[in-house]
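I would like the atomic coordinates for the input below:
(chains A and B)
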Amino acid sequence: MLEEKQVEREDEELIRRMASRDGDALDVFYTRYNRVAFGLVFRILGNREDAEDVLTDVFWQVWQQSARYDSSRGKPVAWLLTIARTRAIDRLRSSGRKQMHTASLNEQKEPAASGSVGTDPFVAADTREVVQSALQSLGEQQRIPLEMAYFQGMSHTEIAAALGQPLGTVKDRIRTGMMHLKKRLKAYL
Amino acid sequence: MKHTQITDDLQERASLYAAGAMSESERLEYARHLDEDECVVCRSEVNDLQSAVSLIAFNLPPQSPSPNVKARLIEQARRTAPVPPPFPQARPGFGWLQWVTAGIAVASIAVAFAVIRSNNELRRMTDELNGRIAQLEVQLTQERTSIAMLTSAGVRVVDLAGQGSQVQASGRIFWDEARKRWFVFFRDLPPVPADKSYQLWFVPKSGPPVSAAVFNTNSNGSLGIEIPVPDSVTDLKAAAVTTEPAGGLPAPSGAFALLGAM
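A predicted model of the protein is given here:
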């Protein structure tokens, strides 16, 4: 497995090369992250054809905006996945569809063995384990509104209405949940 | 306005933004605050939270898209990559005509390169405009729905009048009793500092006030919010807005900013 910092440095170099219109760099970056990005987009849209369209748009946007990437705004992979989530939610809203299947932050209940089917060789095993642990330790009161916001693109007002909870409560629970994730994943930020 | 230190209220806004839980108008305003105000405090918080929440993707089962997705993408990228101009080859007897021809070839490639770059820029602008159109269409649909709802027969209107030092401010509640929702709009209510919040209260005829929402207005003193009216809130005599410490309190403690009788 590649070290996290080494991966981050390599990713930043790939972004710089893409800014110089190096198609090989896009090839490498895509190979590295297409599965995790597609997994997120597919989770949100639930439709393979739409997810592939959005995935193309996501990496095309990365290619087009590589010159504008600013490392002070976060790691390249966080930038990529933020674009992926935004594009997927935009497609979900513009198609007028609601996400039909229940979303869960904690998809992978059991830790995946390194190298087994369903794992990604560019994602360190300890990263997956730490993320899984952080999500499992999230209380349901925080997890549910976070899922509704992140995977379904619902606003805090919509979440409060759907759950029949006061708006202030929903906002506070989203804040608490995000602070929990930030604290537990601090080493990977 | 740039903030000088992180507070619970600012953490909440950064969390809502990073989680994607803001309304569209809130999101645009917050993005403006990050980009135009260049608020380092909020940007730092958002960076950390976006990085943290993006890691959720690593806990999802990785999925493999079709191979032709990559093939199309790489082909499209390679077509837009700059083509290095060829250098004219020196040959015995390479006369002035060959130099002129080579020069024309180099100039043509440079022009083609400029056209390709221009096309790339146009394509980027088109992508951005299409994205913006999609956003506006969604927003338009939502606003048409809101207008239809607000003007329907079953909606009660309650005006809020400015109080004390906020005498210039006003508010209006559109109370959809059937759907148990308030649509509240504020005007000329100046935003409070980062250590304060406005708090909207349901004021029943008997019993203590119940918190309805904690908010702050935009830089121009306006805001529109939609809040559910819980089943437990009945027989209201008034609605009120007070100024409270950031994040609000279980019971009103501060001065009235707005008040309206039901």
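
For the rest of this, base every contact and every neighbour count on C-alpha atoms.
Will do.

what number of residues lie near the closest residue to B:Asn120 other than its chain neighbours?
Residue nearest to B:Asn120 in three dimensions, not counting chain neighbours: B:Thr80, with 7.0 Å by Cα to Cα, 6 or more residues apart in numbering or on different chains. Using other Cα atoms under 10 Å in any protein chain shown, B:Thr80 is surrounded by 17 other residues.

Please report how far B:Thr80 lies from B:Tyr17.
Per Cα to Cα, to the nearest Å, B:Thr80 is found 34 Å from B:Tyr17.

Could you do B:Phe256 as well?
According to Cα to Cα, B:Phe256 stands 29 Å off from B:Tyr17.

Please compare those two by neighbour count and tell me which comes out ahead.
Each of B:Phe256 and B:Tyr17 has its neighbours counted (other Cα under 10 Å); B:Tyr17 has more, 22 against 19.

Which residue is the nearest non-sequential neighbour of that one?
Distances taken as Cα to Cα, 6+ apart place B:Arg27 nearest to B:Tyr17, at 6.5 Å, with adjacent residues excluded.

Could you list every helix and strand in contact with the least confident helix or strand in chain A by mean pLDDT?
The weakest-scoring helix or strand in chain A, judged by mean pLDDT, DSSP states H and E, is helix A:125-136 (a mean of 81). The contact analysis (3 or more Cα pairs under 8 Å, 6 or more residues apart in numbering or on different chains; DSSP states H and E) places helix A:125-136 against helix A:167-184.

and the helix it packs on, average pLDDT?
Averaged across helix A:167-184, pLDDT comes to 94.

Could I get the buried residue list for that helix?
Neighbour counts over helix A:167-184 (16 or more other Cα atoms under 10 Å in any protein chain shown) mark A:167-168, A:170-182, A:184 as buried.

how about it as CSV, C-alpha atoms only?
This file holds the C-alpha atoms of helix A:167-184, laid out as CSV (Å, rounded to 0.1, in the frame of the first residue of the first chain):
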residue,chain,number,x,y,z
LEU,A,167,-34.9,23.1,12.7
GLY,A,168,-32.4,24.1,15.4
THR,A,169,-32.2,20.4,16.5
VAL,A,170,-31.4,19.2,13.0
LYS,A,171,-28.7,21.9,12.5
ASP,A,172,-27.1,21.1,15.8
ARG,A,173,-27.1,17.3,15.1
ILE,A,174,-25.5,17.9,11.7
ARG,A,175,-22.9,20.1,13.3
THR,A,176,-22.2,17.5,16.1
GLY,A,177,-21.9,14.7,13.5
MET,A,178,-19.5,16.7,11.3
MET,A,179,-17.4,17.7,14.3
HIS,A,180,-17.2,14.0,15.3
LEU,A,181,-16.0,13.0,11.9
LYS,A,182,-13.5,15.8,11.8
LYS,A,183,-12.1,14.8,15.2
ARG,A,184,-11.9,11.1,14.4
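
List the contacts of it.
A:130, A:134-135, A:138-139, A:141-143, A:145-146, A:156-157, A:159-160, B:11-12, B:15-16, B:19, B:48-49, B:52-53, B:212-214, B:227-228 (Cα atoms under 8 Å, 6 or more residues apart in numbering or on different chains).

Among those residues, name the ones in strands.
Secondary-structure check on those using DSSP state E: residues within strands are B:Ala212, B:Ala213, B:Val214, B:Ile227, B:Pro228.

Spatially, which two of those are the most separated?
Within those, B:Val214 and B:Pro228 form the most distant pair, 13.2 Å apart (Cα to Cα).

so the least confident helix or strand of chain A versus helix A:167-184, what angle?
Helix A:125-136 runs at 150 degrees relative to helix A:167-184, counting by axes from the mean of the first three to the mean of the last three Cα atoms, to 10 degrees.

for helix A:125-136, the distance to its chain's centre please.
Computed by Cα atoms, centre = their mean, to the nearest Å, the chain-centroid distance of helix A:125-136 equals 14 Å.

One more: stretch A:78-91?
Worked out by Cα atoms, centre = their mean, stretch A:78-91 lies 7 Å from the chain centre.

Tell me if it is near chain B.
Yes: using Cα under 8 Å from any Cα of the partner chain, stretch A:78-91 comes into contact with chain B via A:Ala78, A:Trp79, A:Leu81, A:Thr82, A:Asp90.

And the helix or strand encompassing the third one, what's buried?
Read it as A:Leu81. Element membership of A:Leu81, judged by DSSP states H and E, is helix A:76-94. Judged by neighbour count (16+ other Cα under 10 Å), helix A:76-94 contains these buried residues: A:76-93.

average pLDDT across that helix?
On average, helix A:76-94 scores 93.

ditto for stretch B:11-20
Rounded mean pLDDT across stretch B:11-20 is 95.

residue closest to the middle of chain A?
Centrality entry for chain A: nearest residue to the mean C-alpha point is A:Leu81, 4.4 Å, by Cα atoms, centre = their mean.

how far away is B:Ile109 from chain A?
Remark: distance between B:Ile109 and chain A (Cα to the nearest Cα, to the nearest Å) = 17 Å.

my read is that residue is in a helix, agree?
Yes: assigned with DSSP: H, G, I helix; E, B strand; the rest coil, B:Ile109 falls within a helix.

burial count for it?
17.

Tell me the pLDDT of it.
You'll see B:Ile109 listed with a pLDDT of 70.

Show me how far the longest helix that chain A contains is from its chain's centre.
Scanning chain A for the longest helix, with DSSP state H as the assignment, gives helix A:23-45. Relative to the centre of its chain, helix A:23-45 is centred 11 Å away, using Cα atoms, centre = their mean.

before we move on, what about stretch B:230-245?
With Cα atoms, centre = their mean as the basis, stretch B:230-245 stands 28 Å off its chain's centre.

list the buried ones in it?
Result for stretch B:230-245 [16+ other Cα under 10 Å]: buried residues B:Ala238, B:Ala239, B:Ala240, B:Val241, B:Thr242, B:Thr243, B:Glu244, B:Pro245.

who's in contact with it?
With Cα under 8 Å, 6+ apart as the test, stretch B:230-245 has contacts from A:164-166, B:160, B:180, B:195-205, B:210, B:252-262.

still on that earlier bit, output the buried residues of stretch B:230-245 as CSV; include the columns pLDDT.
Shown next, in CSV, are the buried residues of stretch B:230-245 (pLDDT from 0 to 100):
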residue, pLDDT
B:Ala238, 92
B:Ala239, 94
B:Ala240, 94
B:Val241, 95
B:Thr242, 94
B:Thr243, 94
B:Glu244, 92
B:Pro245, 90
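
what's the most distant pair in these?
The two members of those with the most space between them (Cα to Cα) are B:Ala238 and B:Pro245, at 22.0 Å.

hmm, back to that, save the buried residues of stretch B:230-245 as a markdown table, and put in distance to B:Gly221 and secondary structure too.
As requested, those are exported to a markdown table (distance: Cα to Cα, whole Å; DSSP: H, G, I helix; E, B strand; the rest coil):
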| residue | distance to B:Gly221 | secondary structure |
| --- | --- | --- |
| B:Ala238 | 22 | strand |
| B:Ala239 | 19 | strand |
| B:Ala240 | 17 | strand |
| B:Val241 | 14 | strand |
| B:Thr242 | 15 | strand |
| B:Thr243 | 14 | strand |
| B:Glu244 | 17 | strand |
| B:Pro245 | 18 | strand |
